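Asker: this one's sequence-less:
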């Protein structure tokens, strides 16, 4: 696949991941937070599931209106996945709050 073909296949969705000193991650284009604890945060984004792993993780900011999440802690990895059905069965953070 050439670079031109990849440009055609990309969507008009713009998503930013800003990692500061492996301690603060700002994510835009967030649809929902599916699961979180102090070692793993799973976020549904417009480009697929984003899994963030580390230690002492906490969600510092969650704004569905602006589609932003800020995760702080000792971040060791970030991974995208296209399989949205695996974690949906657990229920999202938003659905737990408004239950």
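Answerer: Cool, got the structure. These figures come from a predicted structure and were not determined experimentally.
Asker: quick one: the strand or helix carrying residue 76 to chain centroid distance?
Answerer: Here residue 76 sits within strand 68-81, counting by DSSP states H and E. Centroid separation for strand 68-81 versus its chain: 7 Å, with C-alpha atoms, centre = their mean, to the nearest Å.
Asker: Spell out which strands sit alongside that strand in the sheet and which way each one runs.
Answerer: Applying DSSP bridges, strand 68-81 is found paired with strand 24-28 (antiparallel), strand 48-63 (antiparallel).
Asker: what's the helix or strand following the shortest one packed up against?
Answerer: Toward the C-terminal end, the helix or strand that comes next after strand 24-28 (DSSP H and E) is strand 30-36. For strand 30-36, the elements it packs on are strand 40-45, strand 48-63, strand 68-81, helix 85-88, helix 93-97, judged by 3 or more C-beta pairs under 8 Å, 6 or more residues apart in numbering; DSSP states H and E. Where C-beta positions appear, they are placed from N, C-alpha and C, glycine not excepted.
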